[in-house]
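Colleague: Everything below, folded, please.
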Amino acid sequence: MCIYLPVVHGLEEKKAQRVHKEPLKGTGTILLIEDESAVIETLRKLLERLGYNVIEAKTGKEAVRIARAFDGDIDLAILDVFLPDMNGNKIYPLIKELRPDLKVLVFSGYSLDGPAQGILDAGAHGFLQKPVSIEVLSQKLTELLQAR
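Modeller: You can find the predicted model right below:
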């Protein structure tokens, strides 16, 4: 019996390129709107490692309060779709009304279909699915914040 396998050219080269890719560093303030403590802690550490200042909000009401009261620029909000007191589709217009220039990145463990797509249709600037690698996160943040 013989088994024939296809030859894949360049696979090792692509793998080597991925391994050596450094996360892109940035600056600015990010409002992290997320209710899960483990996710908050992990994402905060990643964001700080990338050079960002992080403000945390565990509820929609807290996010709106911060958007209203924070004395300084908030460059981007990372918005979870489902929070204990209100969903992202309710939070999004409230924080955008308070800070019209705020860029919003939808962040969810669910797929893009459904509530996340609704927030994007309302004007959010991008989507990331949980879990996310530091490389993908840094690339998305750099893409969104370059046009500041």
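
Colleague: got a list of what the nearest residue to G109 once chain neighbours are set aside touches?
Modeller: Excluding the flanking residues, the one nearest G109 by CB to CB, 6 or more residues apart in numbering is K130, at 4.2 Å. (Glycine included, C-beta is placed from N, CA and C.) Shown in contact with K130 (CB atoms under 8 Å, 6 or more residues apart in numbering): V39, F107, S108, G109.

Colleague: Please indicate which of the residues you listed are buried?
Modeller: Taking 16 or more other CB atoms under 10 Å as the criterion, what is buried in the contacts of K130 is V39, F107, S108.

Colleague: Just the closest of those to S138, please.
Modeller: F107 (14.4 Å; CB to CB).

Colleague: Confirm the closest one sits in a strand?
Modeller: Yes: read with DSSP: H, G, I helix; E, B strand; the rest coil, F107 is one of the residues of a strand.

Colleague: how close does it sit to M1?
Modeller: 50 Å (CB to CB, to the nearest Å).

Colleague: cool, and E135?
Modeller: Using CB to CB, E135 is found at 42 Å from M1.

Colleague: Same question for V64.
Modeller: Distance from V64 to M1, by CB to CB: 67 Å.

Colleague: Right, I'll call it a day here.
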